[in-house]
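Trainee: 3D model of this:
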Amino acid sequence: MNPSAPSLEAPRRYWQFENTRLRSLQAVGIFCGFAAGAWLGGAEAPVKLVNPDISPITVSFAMVCGVFLARWSVPALIRGTAHVHSDIRQAPHLVVWAILAGSMWAVANTLTISAIRNVGLSIAFPLWNSNSLLGIFWGIVLFKELHSAGWRRWLGVLGGAVSMFGGATLLAIASSHQAAPGRATVGILAALGAGILWGTMYIPYRKAYLTGMNPLSFITFFTLGELVTMLMLAVGYRGAASLRHELVSARPVLFWLMLGGFVWVIGDLFQQYATKYVGISRGIPLSNTNQLWGLLWGIFVFHELEGAGHLTYVQVAGGSLLMALGAVAISLSSATEREHLSWRTAADREGQRYGVKPEYVRAGMEGRELADEAPTSRGDRSLLDWILIIATTAIFVLLGSMARLPHLAIALSWAVMLTLAMSILLVGCGVALWRTTRFR
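Mentor: Residues are numbered from 1 along each chain as shown. Below is the predicted model of the structure:
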């Protein structure tokens, strides 16, 4: 053998590593989607513990306060906040997109409060999960997802979308039997409005992750848009004096509302990683398995369909299962190497548009640190990090000491079992993320 002859072994080993890395990232992205479904599904349950006399605006504002605390303390706990400055230095334009996404989330979350009160958890969840249909559309049109994917994967994604639409239709029909007269339409429109806003919100998500930003950095600025928008809505709708009075009178339930916001952040963080590593068109439908968790919380913990007719149970269960099957079909249509090359084309375009270094973009897509940014991954904590962690803990302890459970027929045994299942997914997915990407 001529030693000077070009060898194909090195590039073959390179692509073998690349394909192995791609499969690992997609596997952890799918796992994150399932974990996101569990935690997003459990986040709205505390709303059921709140007196219906409290305004949905006030409820949403309290939840956003919990979201704000979580979005700064959780990244401080996981990696420290030093990496945030590094990401902003590399891609400062994404701060604007993050704030815009947070503003859209705040309005959508307010709509979900109205939806839950009018048609219940088990009905509202699948309706606002129509956001996945918009996510598929934006992923294909704007970010080259499914390009060069092959007809089988197109069929899986689009067929899954049709299945999810059919399930949503069944649940909308079922809601007319469960909601009070005149309230079903309001609840359905509120849930669908939230779905439209959340579906469009995923555009900034994907722009951020194609450009290389860490989800832990993105969510810290995301919450600025949430809090400012929610404060403007609350003060504008209720007035400052009325809002303050209602928050004071709601002290016994503030813990549950802010806890709901905190739980939502955990689910959203997993959803962010799913979006990063498997794309909008797959990650969002997969995280929308929260509809099944919402169904479990609504039926088994809060007895939502108690006394309903057999037909209603069939419609709700059938609609939820149909939507879940659609989501599974979409998630199983994993990206091939050819499709991933299309993603890279979209990533290069985003990087060139905003002047982001190519090595930063590629490192973000591959879930690894840049060589000159490696110190941010050591997990060192600054004084600011410890202040955020301790202050958040103290606030929740204080609110917890004032919390009271309302006089509702709640199945505590089911609540404990569902919480345990969520915790198992949290630990399992967290370990998988750390081993594969170091939360990059």
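Trainee: Show the contacting residues for I196.
Mentor: 130-131, 134 (Cβ atoms under 8 Å, 6 or more residues apart in numbering). In short, each C-beta sits where N, CA and C put it, glycine included.
Trainee: Go through these and name the one nearest L233.
Mentor: Nearest to L233 among the contacts of I196 is N131, at 20.1 Å by Cβ to Cβ.
Trainee: pLDDT below threshold where in the stretch 251-400 of the chain?
Mentor: 335, 371-380 (pLDDT under 70).
Trainee: What ranges does it have for its helices?
Mentor: For the stretch 251-400 of the chain, the helices defined by DSSP state H, counting those that start in this stretch occupy 251-278, 280-287, 290-296, 310-332, 337-354, 358-365, 383-402.
Trainee: Need the winner for burial among those.
Mentor: Ranked by mean neighbour count, the helices of the stretch 251-400 of the chain are led by helix 280-287 with a mean of 30 (mean count of other Cβ atoms under 10 Å).
Trainee: Report the distance from that helix to the chain centre.
Mentor: For helix 280-287, the separation from the chain centroid amounts to 10 Å (computed by Cα atoms, centre = their mean, to the nearest Å).
Trainee: ok and that helix relative to helix 251-278, angle-wise?
Mentor: Between helix 280-287 and helix 251-278, the angle comes out at 140 degrees (axes from the mean of the first three to the mean of the last three Cα atoms, to 10 degrees).
Trainee: so what's the closest residue in space to A149 that isn't next to it in sequence up against?
Mentor: Among residues not flanking A149 along the chain, E339 sits closest, at 4.5 Å (Cβ to Cβ, 6 or more residues apart in numbering). By Cβ under 8 Å, 6+ apart, the residues touching E339 are 145-149, 153.
Trainee: how about CSV for these, with pLDDT, secondary structure and neighbour count added?
Mentor: As requested, the contacts of E339 are exported to CSV (pLDDT from 0 to 100; DSSP: H, G, I helix; E, B strand; the rest coil; neighbours: other Cβ atoms under 10 Å):
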residue, pLDDT, secondary structure, neighbour count
E145, 81, coil, 24
L146, 76, coil, 22
H147, 76, coil, 14
S148, 72, coil, 15
A149, 71, coil, 23
R153, 77, helix, 20
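Trainee: Pick out whichever of these sits closest to M422.
Mentor: Distances from M422 to those, taken as Cβ to Cβ, are shortest for E145 (28.7 Å).
Trainee: low-confidence ranges in the stretch 51-200 of the chain?
Mentor: Within the stretch 51-200 of the chain, the ranges that satisfy pLDDT under 70 run 51-52, 121-122, 125, 168, 171-183.
Trainee: residue ranges for the helices of it, please.
Mentor: Taking DSSP H, counting those that start in this stretch, the helices of the stretch 51-200 of the chain run over residues 56-78, 82-90, 94-119, 121-128, 131-143, 151-178, 184-211.
Trainee: Packing partners of the helix or strand containing V431?
Mentor: Secondary structure assignment for V431, by DSSP states H and E: helix 412-437. For helix 412-437, the packing partners by 3 or more Cβ pairs under 8 Å, 6 or more residues apart in numbering; DSSP states H and E come out as helix 9-43, helix 251-278, helix 290-296.
Trainee: helices or strands up against the second one?
Mentor: Put plainly, it is helix 251-278. helix 9-43, helix 56-78, helix 184-211, helix 215-238, helix 280-287, helix 383-402, helix 412-437.
Trainee: give me that answer again for 6 Å
Mentor: Other helices and strands packing on helix 251-278, by 3 or more Cβ pairs under 6 Å, 6 or more residues apart in numbering; DSSP states H and E, are helix 9-43, helix 56-78, helix 280-287, helix 383-402.
Trainee: can you redo these as a markdown table with distance to Y313?
Mentor: Formatted as a markdown table, those follow (distance: least, Cβ to Cβ, whole Å):
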| stretch | distance to Y313 |
| --- | --- |
| helix 9-43 | 19 |
| helix 56-78 | 28 |
| helix 280-287 | 25 |
| helix 383-402 | 36 |
